[in-house]
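Model the following, please.
(one chain, ligands or ions: 1)
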Amino acid sequence: MATFSLLPGSVALITLTNPPVNALSAAVRAGIVQAVQRSVEDPKVKSVVICGQNGRFCGGADIREFAGPMSGPPLVPLIHAIEALDKPVVAAIEGLALGGGLELALGCHYRIAHTTALLGLPEVTLGLLPAAGGTQRLPRLAGLPAALDLITTGRHISGTEALELGIVDQVTDGSALDIALEFAKSIVGRPLNTRRLSTLPCRCPTDIDNLLDRFMVQVRQRARGALAPVACVGALRAAATLPYAQGLRKERELMDTLFNSGQARALQYAFFSQRVVGKWTLPSGARWDNTTSRTISTAAVIGLGTMGRGIAVALALAGMSVVAVETQEKQLSEARQMVPAMLQREAGRRGLDTAPGVISFCSSLQDVSEVELVIEAVFEDMALKLQLFRQLSAVCKPDTLLCSNTSGLDIDQLAAATQRPGLVVGMHFFAPAHIMKLLEVVCGTRSSPETVATVMQLGKRMGKVSVAVGNCPGFVGNRMLKPYTEQANFLLEEGAMPEQVDKVLEEFGFPMGVFRMSDLSGLDVGWRIRKAAGLTGPGVEPTRTRQGRRYSPLPDQMCEAGRLGQKTGRGWYQYDGPGGRVARSDPWVQTFLDAYRARHNLAARVIAAEEILERCLYSLINEGFKILQDGMAAGPEDIDAIYVFGYGWPRHRGGPMFHAGQVGLARVLEKLEHYQQLHPDVAPMKPSMLLRRLVAAGSPPIQKWRELIHRERVHSQL
Ligand SMILES: CCC[C@H](O)CC(=O)SCCNC(=O)CCNC(=O)[C@H](O)C(C)(C)COP(=O)([O-])OP(=O)([O-])OC[C@H]1O[C@@H](n2cnc3c(N)ncnc32)[C@H](O)[C@@H]1OP(=O)([O-])[O-]
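Below is the predicted model:
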């Protein structure tokens, strides 16, 4: 689907028509081939303009087509045919020119863009590289350093930045198409040789090897095992050192390897998961497309600790007028100093002069009486939260939404403390709340569809990936984290060291292993929760079985020894001092573990990396299956998006549920059964019913799981 029209002034206009982003599907590519052919053959055509329908130039190759066999005309010869035309071709870039879309524009002789259009080569985020000549043409146009940056990060740039980098010839705040049409008429007859990028030399600094080597080191560090960024540097090395035709062959070769890798499948799955989770459904049948949402413009945040401060900033960045409330004077005065600076810094990082919203500070709950939505971010203490919700219910307008930033407490209980249970919902942010992308929207049994829709929409406005989840202890993310950390502690009891466990998890792709992470967030967080649950504290027997299941008191004992992590300068590792960031092994921990094992008659054994990884990951994955089985997440994509955006799960591994599919469900089941036999007192190792049923159903692809879960639920087999 691409249309051809001959306009006054002998300009042929080729319009890509494939909403919503005019992706280069087989039909679009065939349409372009035909339209280009007509432009060649029609003597009335003197110049050509290519644009996209509805103000969007092109979002690149059609990613949905990657799953099937290739059909239709390939993109590379099509772009070469455009570049080789002896009539000038101008790309009119409005909205976006991404991936293959930008590569198409690079094949044109001139590019005119709207100042706000988004341009980029984001293939790396899909586990690929720009393989329609993008790795070869971009460095010839913008220079090697800029091409390395854009192609290995996949970042989008504005039309204005593209002009600065020389990627486009002209920008406008008006219609790029109108300017391009006028321009196309004015350049008829001009020589085109210097406009054919593939014929130009690569723009490189003198020390190419040095630059590429330095870049490769950085890229490998950042990539955490992802293949595509490394391959992108390889393709750019070819651009810098080989003639165009050979460089293009190298680009193809590297693309073929990436295209068939599990990582590309995982990253493309992650792309679609992110979109699937926006299409939420509730057990009542309410859905994203049959429920209206309210637009919120005034909000309040109660409690200005780390989370509350970040949430206030996130709301103001989304254009809201925010009332920030803190009853403790010291905390309030700290927030008054810190929050405006945080807001300004983050606005600057997003390219804004000032934040679109404002934050006012106060110490009284009475000041939130007029806002449309309140987010409570006080201490994680049910009694305190219940009291606050009662007060809010009395103070706020009757239609104000009341949200809690609890990380795992019961939303239904909070709702029951108010006169408006339908307007109560959980908004679980992740620290730092103004930066982290994930928002778990916790739907209580009485949360109304309109409340859920409003909060999901608000999350989107804040730039979050909002995932609707059910109300159960720990919700989705923290519920799955519990068996994972538990396994890590058991591994220490059995002979592993924190740095060994962390190394295995970091090699898998997590930015931090479980113990480094625990030091960062503070060991006292979990300690408080375990104390509240009666698992530890005065009067609790110091055994390794509590409440009927295996329990490791190791983290409690660390806290009792004053080792709370980075904040005290000592935790599972040692740091330069309180607040130190660089973790170093601590001989104290070895002595502590030896003494612990001796006390409990535990013989330390050598534990293989494979066992560490399997026990940590499969217990987490098994909990994920239980969550799906309980209906606390609508589908595997929801769980995977939560882990990728909130818990550092390596994106190139898709997410825990996707990973289970990659490993093979039968193998995951077999391993869980094996470890359960060895550790019968560890309940989370007991394979979930859903996993068993999926294996019995022949391990269908992940896209079919929802259907099976729904069917089995209808037949009450789950
Ligand atoms: C030979 C090699 C060639 C080349 O080098 C390879 C490539 O080009 S690789 C490609 C390189 N290009 C990229 O990586 C760009 C990927 N796309 C994006 O980053 C964003 O979608 C974009 C910024 C374009 C728009 O954001 P937004 O306004 O927030 O909107 P949204 O995100 O909600 O999307 C709306 C709908 O469009 C769908 N869809 C979107 N793009 C594609 C696509 N290419 N294909 C298919 N579908 C696509 C999307 O799934 C959604 O569908 P649904 O059914 O309604 O859920």
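
Please identify the nearest residue in space to residue 52, excluding sequence neighbours.
Once flanking residues are discounted, residue 52 sits nearest to residue 22: 4.1 Å by C-beta to C-beta, 6 or more residues apart in numbering. C-beta coordinates here come from the backbone N, C-alpha and C atoms, glycine included.

In three-state terms, label that neighbour for me.
coil (DSSP: H, G, I helix; E, B strand; the rest coil).

Give me the neighbour count for the nearest residue in space to residue 95 that is not next to it in sequence.
Spatial nearest neighbour of residue 95, chain neighbours left out: residue 56 (3.5 Å); criterion: C-beta to C-beta, 6+ apart. Applying other C-beta atoms under 10 Å, we find 24 residues neighbouring residue 56.

ok, residue 56 - contacts?
Counting by C-beta atoms under 8 Å, 6 or more residues apart in numbering, residue 56 touches 20, 21, 22, 94, 95, 96.

Give me every residue in this structure lying close to the ligand.
Taking C-beta under 6 Å from any ligand atom as the contact definition, the chain meets the ligand at 20-21, 23, 59-64, 75, 96, 98-100, 103, 122-123, 126, 128, 130-132, 134, 275.

how close does the residue most central in space within the chain sit to residue 127?
Taking C-alpha atoms, centre = their mean as the criterion, residue 645 is the residue nearest the geometric centre of the chain, at 3.9 Å. Computed with C-beta to C-beta, to the nearest Å, the distance linking residue 645 and residue 127 is 17 Å.

Could you tell me the end-to-end distance of stretch 87-104?
16 Å (C-alpha to C-alpha, to the nearest Å).

Stretch 125-136 too?
End-to-end distance for stretch 125-136: 19 Å, by C-alpha to C-alpha.

do stretch 149-163 as well
End-to-end distance (C-alpha to C-alpha), stretch 149-163: 16 Å.

pLDDT on stretch 437-452, on average?
Taken as a whole, stretch 437-452 has a mean pLDDT of 97.

if I look at the closest residue to the ligand within the stretch 451-600 of the chain, how far off is residue 466?
In the stretch 451-600 of the chain, the residue found nearest to the ligand is residue 460; the distance is 9.2 Å by C-beta to the nearest ligand atom. Using C-beta to C-beta, we find residue 460 at a distance of 6 Å from residue 466.

Over to residue 301?
For residue 301 relative to residue 466 (C-beta to C-beta), the value is 17 Å.

Please apply the same query to residue 479.
To residue 466, residue 479 is 18 Å away according to C-beta to C-beta.

Residue 230 now?
33 Å.

what do you get for residue 353?
28 Å.

related to what we said a few turns ago, the more surrounded of residue 479 and residue 466?
Neighbours were counted for residue 479 and for residue 466 using other C-beta under 10 Å; residue 466 has more, 24 against 21.

dump the residue contacts of that one.
277, 278, 439, 441, 455, 456, 459, 460.

Give me the phi and psi for the residue nearest to residue 713 when sequence neighbours are not counted.
Distance criterion C-beta to C-beta, 6+ apart; nearest residue to residue 713, sequence neighbours excluded, is residue 631 at 7.1 Å. Dihedral pair for residue 631: phi 70, psi 20, per degrees, to the nearest 10.

Surely residue 631 touches residue 283?
Yes - contact status for residue 631 versus residue 283: in contact at 6.5 Å, counting by C-beta atoms under 8 Å.

give me the element the residue of the stretch 251-400 of the chain found nearest the ligand is part of.
Nearest residue of the stretch 251-400 of the chain to the ligand: residue 275, at 4.0 Å (C-beta to the nearest ligand atom). Using DSSP states H and E, residue 275 maps to helix 262-276.

which outside residues touch the next helix-or-strand element following that helix?
Sequence-wise, the next helix or strand downstream of helix 262-276 (DSSP H and E) is strand 298-302. Outside strand 298-302, the residues that touch it by C-beta under 8 Å, 6+ apart are 308, 311-312, 315, 320-326, 365, 367-368, 370-378, 388, 392.

In helices, which of these appear?
308, 311, 312, 315, 388, 392 (DSSP state H).

would residue 205 count as being in a helix?
No - per three-state DSSP, residue 205 lies outside any helix segment and is coil.

what is the orientation angle of the worst-scoring helix or strand of the chain on mean pLDDT with helix 262-276?
Ranking every helix and strand in the chain by mean pLDDT, DSSP states H and E puts helix 705-714 at the bottom, with a mean of 87. If you take axes from the mean of the first three to the mean of the last three C-alpha atoms, to 10 degrees, helix 705-714 sits at 60 degrees to helix 262-276.

Pull the contacting residues for residue 407.
Contacts of residue 407 by C-beta under 8 Å, 6+ apart are 380, 428, 474, 475, 478.

Now do the strands in the stretch 401-550 of the chain.
401-404, 424-429, 438-443, 465-470, 545-546, 549-550 (DSSP state E, counting those that start in this stretch).

Quick one: mean pLDDT over the second one.
Computed over strand 424-429, the mean pLDDT rounds to 98.

ok, and the most crowded of the contacts of residue 466?
Ranking the contacts of residue 466 using other C-beta under 10 Å puts residue 439 first, with 29 neighbours.

Touching, it and residue 425? I think so.
No - with contact defined as C-beta under 8 Å, residue 439 does not count as touching residue 425 (11.1 Å).

domain ranges for this protein?
Listed by automatic domain parsing, the domain ranges of the chain are 2-242, 298-475, 496-599, 619-644+653-714.

what's the spacing between the second one and its chain's center?
It refers to domain 298-475. Distance, stretch centre to chain centre, for domain 298-475: 21 Å (C-alpha atoms, centre = their mean, to the nearest Å).

Equivalent analysis for the longest one, please.
Here the centre of domain 2-242 is set off from its chain's centre by 26 Å, with C-alpha atoms, centre = their mean.

So what would you say the end-to-end distance of that domain is?
35 Å.

And the shortest one, by the same measure?
For domain 619-644+653-714, the first-to-last residue distance is 27 Å (C-alpha to C-alpha).

now the third one
Using C-alpha to C-alpha, the span of domain 496-599 from its first residue to its last is 17 Å.

for residue 75, what are its contacts?
Listed by C-beta under 8 Å, 6+ apart, the contact partners of residue 75 are 24, 29, 61, 100, 103, 104, 132.

7 Å instead?
The contact partners of residue 75, taken as C-beta atoms under 7 Å, 6 or more residues apart in numbering, are 24, 29, 61, 100, 132.
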